[in-house]
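Colleague: I'll drop the sequence and a predicted model, then ask my questions.
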Amino acid sequence: MFARRAFSMVELVIVLAIVGVTSAIALPRYLSSTTRVKVDGAARKVVADIERLRDRARQQGREQRVYFGDAGYVLVTTDDSGAAVKEQVDLTLEPYRVGIKAQVMTDRGLMFDSLGRAGTPLVIYLTNGDHTRGVSFDPTSGKAEVFVPERMADGKLNADSVEMKPRVREALAAGVRTVPMEPASATSLATELDDVIRN
């Protein structure tokens, strides 16, 4: 019988070096893709909530609103008795961990009338690290969409090149207001939006 031979120290060091180099190459790509998935998921959630709010306005025959802040948004709906019900969505928490970097809109949020129509367009930018997604709402078609915004040479978002229907761009040009958002907590979002909702 032959005796079993163990690995030498040189072989172990070479294997550890290969594993280390592979990890150094793969880890940043993995983290980047994870961040991109979070931003995509947050954008899809915003679209789904806008569409749900529009559908609720149609079904209940009552006005429904959504207000956006830097950390998320608040859905203001009405229950069967007509009382206002606020549902706060904080996008800075898991699983999304994104913030609203800028809003381009004519008002502070969207208001759907009793027929599910909104009179104003909306564009918001969700960001986490280097990944940004935009959400646009076209009041003419009543459709919300996710898009990948262009960046200028200096890395800033190019709000003039919003990839959306021309009707939204024209409506925004008539009363455009770009609001850069500063990072904040969910409590500041609630405080800030309580003032807006009361008015």
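Modeller: Perfect, thanks for sending it.

Colleague: Quick check: which helices or strands does the helix or strand hosting residue 16 pack against?
Modeller: Here residue 16, judged by DSSP states H and E, is contained in helix 9-60. Here helix 9-60 touches strand 64-68, strand 72-78, strand 109-112, strand 122-128, strand 131-138, strand 143-147, going by 3 or more CB pairs under 8 Å, 6 or more residues apart in numbering; DSSP states H and E. Where you see a C-beta, it was placed from the backbone N, CA and C, and this is true even at glycine.

Colleague: would you turn those into a markdown table with mean neighbour count, distance to residue 8 and mean pLDDT?
Modeller: Below are those laid out as a markdown table (neighbours: other CB atoms under 10 Å; distance: least, CB to CB, whole Å; pLDDT from 0 to 100):
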| stretch | mean neighbour count | distance to residue 8 | mean pLDDT |
| --- | --- | --- | --- |
| strand 64-68 | 24 | 62 | 89 |
| strand 72-78 | 21 | 57 | 89 |
| strand 109-112 | 22 | 67 | 86 |
| strand 122-128 | 23 | 46 | 87 |
| strand 131-138 | 22 | 45 | 87 |
| strand 143-147 | 17 | 55 | 89 |
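
Colleague: now these in TSV, with distance to residue 35?
Modeller: Converted to TSV, the helices and strands packed on helix 9-60 look like this (distance: least, CB to CB, whole Å):
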stretch	distance to residue 35
strand 64-68	21
strand 72-78	18
strand 109-112	27
strand 122-128	5
strand 131-138	5
strand 143-147	16
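
Colleague: Compare those and give me the one nearest residue 54.
Modeller: strand 109-112 (5.1 Å; CB to CB).

Colleague: Can I get that closest one in CSV? Just the C-alpha atoms.
Modeller: Output in CSV follows, covering the C-alpha atoms of strand 109-112 (Å, rounded to 0.1, in the frame of the first residue of the first chain):
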residue,chain,number,x,y,z
GLY,A,109,-47.9,64.4,-6.4
LEU,A,110,-50.7,62.8,-8.4
MET,A,111,-54.4,63.1,-7.8
PHE,A,112,-56.8,60.7,-9.5
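
Colleague: Does anything pack onto that strand? Which helices or strands?
Modeller: helix 9-60, strand 64-68.

Colleague: follow-up on the earlier one: okay, the angle between the helix holding residue 16 and strand 64-68?
Modeller: 140 degrees (axes from the mean of the first three to the mean of the last three CA atoms, to 10 degrees).

Colleague: Figure out which of the helices and strands packed on strand 109-112 is closest to residue 135.
Modeller: helix 9-60 (4.8 Å).

Colleague: Find the nearest non-adjacent residue to residue 142, please.
Modeller: Among residues not flanking residue 142 along the chain, residue 54 sits closest, at 6.1 Å (CB to CB, 6 or more residues apart in numbering).

Colleague: try residue 49
Modeller: Per CB to CB, 6+ apart, closest to residue 49 is residue 75, 6.2 Å.

Colleague: Touching, the one you found and residue 87? I think so.
Modeller: Yes: taking CB atoms under 8 Å as the definition, residue 75 is a contact partner of residue 87 at 4.4 Å.
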